[in-house]
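S.K.: Structure for the following, please:
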Amino acid sequence: MGKERIIFLDWLRAIACLMVFFVHAAEAYYSNDYTFSFTSDTARWSVLVFQSLVRSSVPLFLMASSYLLVPLKTDTFTFFKKRFKRVVIPLLVFLALYAVLPTFWGAQTWSQAWVELRHAYITFPVAGSHLWFLYMLIGIYLIMPVLSPWLVNISKKEEQVFLLIWLFTSTFYRLRPMLGGAIFGECWWGVNATFYYVSGFVGYVILAHYIRTWIHWDKRKIISICAPLFALTFVILLASGAYYSTRCTTPAELERDWQFLSIVPVFMSFAAFMLIKAITSSGKFYEKVILKISSASYGMYLMHMLILPHYFKLFSPHMPEYFGIPLITVATYLTSFLISHLIGKLPFGKYVVG
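M.R.: Numbers count the residues shown, from 1 in each chain. Sure, this is the predicted structure:
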């Protein structure tokens with residue numbers, strides 16, 4: 001089994017899924033309908049520590065897909081057919097579920113559910129805001145056939161140049177206010193400025209390919225370089241959160257350095273990916289636990305925000321945040337896994353949980 005699979009990618013999916021759940025469990029303590037507040041200093045520091053640890057969560061998911069898929073191993077039609085079955089159909093199912101199910105526990109009225117359902121296939125419902133990731137991922141899939149021939153022929157130095165340009169774009173959220181707003185040709189009637197086409201999440205696709213093709217470090221080198229790098233990025237993100245958490249009035253202000261396309265999370269994602277890449281364990285725990293979680297991880301991601309808010313309501317009033325956040329995360333993780341795993345065993349399961 002270990003020889004047939006890329007073992008560390010199964011570990012990565014299991015770990016990245018847990019990280020995402022930590023993000024959303026922590027968010028529940030300070031952001032409700034995009035409003036912002038901390039109930040106490042304990043809540044503030046609990047959120048800051050957990051959030052600063054897991055800012056590589058979404059990039060790791062994207063890099064896992066990219067590590068396997070680019071350059072494409074099949075023709076474009078076959079590639080899109082497989083992605084449609086494994087990603088798009090389950091997304092369509094859960095868009096409807098997020099539009100309707102909150103009505104059953106009083107989160108919305110049936111008239112609101114009808115509005116959500118009508119709009120569900122235009123963009124994600126309010127209750128399923130985490131599904132933004134799937135829209136982005138589908139967009140990445142659309143560009144993969146274009147990137148693949150380039151990646152087959154590109155040299156190491158050429159790929160480094162692209163990554164350096166992309167890394168430069170990850171500083172724009174800081175450059176814009178420093179330089180007076182719009183930069184490099186940006187304007188309200190034309191957002192496609194100079195660096196538009198070499199920015200965004202596509203950089204993580206190229207980074208995953210670069211790691212697979214050109215970085216062949218042994219475990220000692222990975223740990224000696226990436227463990228300190230991860231620790232440094234954690235400290236920077238924690239310091240940023242501590243600074244803005246006493247000055248900001250919105251989640252966007254608090255999270256400005258936490259965004260997945262900001263420069264510090266980019267370095268954190270590289271470090272986390274490399275550290276997980278060093279995992280080679282394929283024993284009983286891998287076969288009995290990690291492999292099953294990896295297989296269920298897409299369904300877990302899709303459904304977890306139908307589950308997490310209920311655990312938040314159950315646990316948060318009765319314990320401090322530094323216990324509540326991990327407990328809500330683990331409870332959601334285990335419940336999502338069980339449901340996704342069981343649905344996956346049904347004859348139609350792959351059309352629901354991927």
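S.K.: Would you agree residue 60 is in contact with residue 18?
M.R.: No. Under the criterion of CB atoms under 8 Å, residue 60 is not in contact with residue 18, lying 10.5 Å apart. Just so you know, the C-beta spots here come from the backbone N, C-alpha and C atoms, and that holds for glycine as well.
S.K.: Between these two, which has more neighbouring residues?
M.R.: residue 60 (23 against 19; other CB atoms under 10 Å).
S.K.: Report the contact partners of the more buried one.
M.R.: Applying CB atoms under 8 Å, 6 or more residues apart in numbering to residue 60 gives the contacts 12, 15-16, 19, 269, 272-273, 276.
S.K.: State the helix or strand in which it lies.
M.R.: helix 57-69 (DSSP states H and E).
S.K.: That helix: which residues count as buried?
M.R.: 57-67, 69 (16 or more other CB atoms under 10 Å).
S.K.: Downstream of it, the next helix or strand is which one?
M.R.: helix 76-83.
S.K.: Just list what that next one packs against, helices and strands only.
M.R.: helix 132-153 (3 or more CB pairs under 8 Å, 6 or more residues apart in numbering; DSSP states H and E).
S.K.: what mean pLDDT would you report for the helix it packs on?
M.R.: Mean pLDDT, helix 132-153: 95.
S.K.: What of stretch 344-354?
M.R.: For stretch 344-354, the per-residue pLDDT averages 92.
S.K.: Stretch 7-17 too?
M.R.: The model assigns stretch 7-17 a mean pLDDT of 96.
S.K.: rewinding a little: can you redo the contacts of residue 60 as TSV with distance to residue 76, neighbour count and secondary structure?
M.R.: Formatted as TSV, the contacts of residue 60 follow (distance: CB to CB, whole Å; neighbours: other CB atoms under 10 Å; DSSP: H, G, I helix; E, B strand; the rest coil):
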residue	distance to residue 76	neighbour count	secondary structure
12	26	25	helix
15	31	23	helix
16	27	26	helix
19	32	21	helix
269	28	25	helix
272	31	27	helix
273	27	24	helix
276	30	22	helix
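S.K.: quick one on the thing from earlier: possible to save the buried residues of helix 57-69 as CSV with pLDDT and distance to residue 89?
M.R.: What follows is those, written out as CSV (pLDDT from 0 to 100; distance: CB to CB, whole Å):
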residue, pLDDT, distance to residue 89
57, 96, 24
58, 95, 22
59, 97, 25
60, 97, 24
61, 93, 19
62, 95, 20
63, 96, 24
64, 94, 20
65, 91, 17
66, 94, 21
67, 94, 23
69, 93, 18
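S.K.: So residue 344 is in contact with residue 297, correct?
M.R.: No. If you go by CB under 8 Å, residue 344 and residue 297 don't touch, sitting 10.7 Å apart.
S.K.: Of those two, give the one with the bigger neighbour count.
M.R.: Between residue 344 and residue 297, counted using other CB under 10 Å, the more crowded position is residue 297 (26 against 17).
S.K.: so which strand or helix has the more buried one?
M.R.: Residue 297 belongs to helix 291-315, assigned by DSSP H and E.
S.K.: what angle sits between that helix and helix 57-69?
M.R.: 160 degrees (axes from the mean of the first three to the mean of the last three CA atoms, to 10 degrees).
S.K.: Now the element after the helix or strand of the chain with the lowest mean pLDDT, going C-ward?
M.R.: Ranked by mean pLDDT, DSSP states H and E, the weakest helix or strand in the chain is strand 35-36, scoring a mean of 74. Per DSSP H and E, the first helix or strand lying C-terminal to strand 35-36 is helix 41-53.
S.K.: now for that following helix, which elements pack on it?
M.R.: Using 3+ CB pairs under 8 Å, 6+ apart: helix 41-53 touches helix 7-27, helix 219-245, helix 321-344.
S.K.: pLDDT (mean, whole number) over that helix?
M.R.: pLDDT averaged over helix 41-53 gives 96.
S.K.: Any buried residues in that helix, and which?
M.R.: Buried-residue list, helix 41-53, by 16+ other CB under 10 Å: 43-53.
S.K.: what residues are up against the residue nearest to the spatial centre of the chain?
M.R.: In the chain, the centroid-proximal residue (CA atoms, centre = their mean) is residue 58; its distance is 1.5 Å. By CB under 8 Å, 6+ apart, residue 58 lies in contact with 16, 20, 133, 260.
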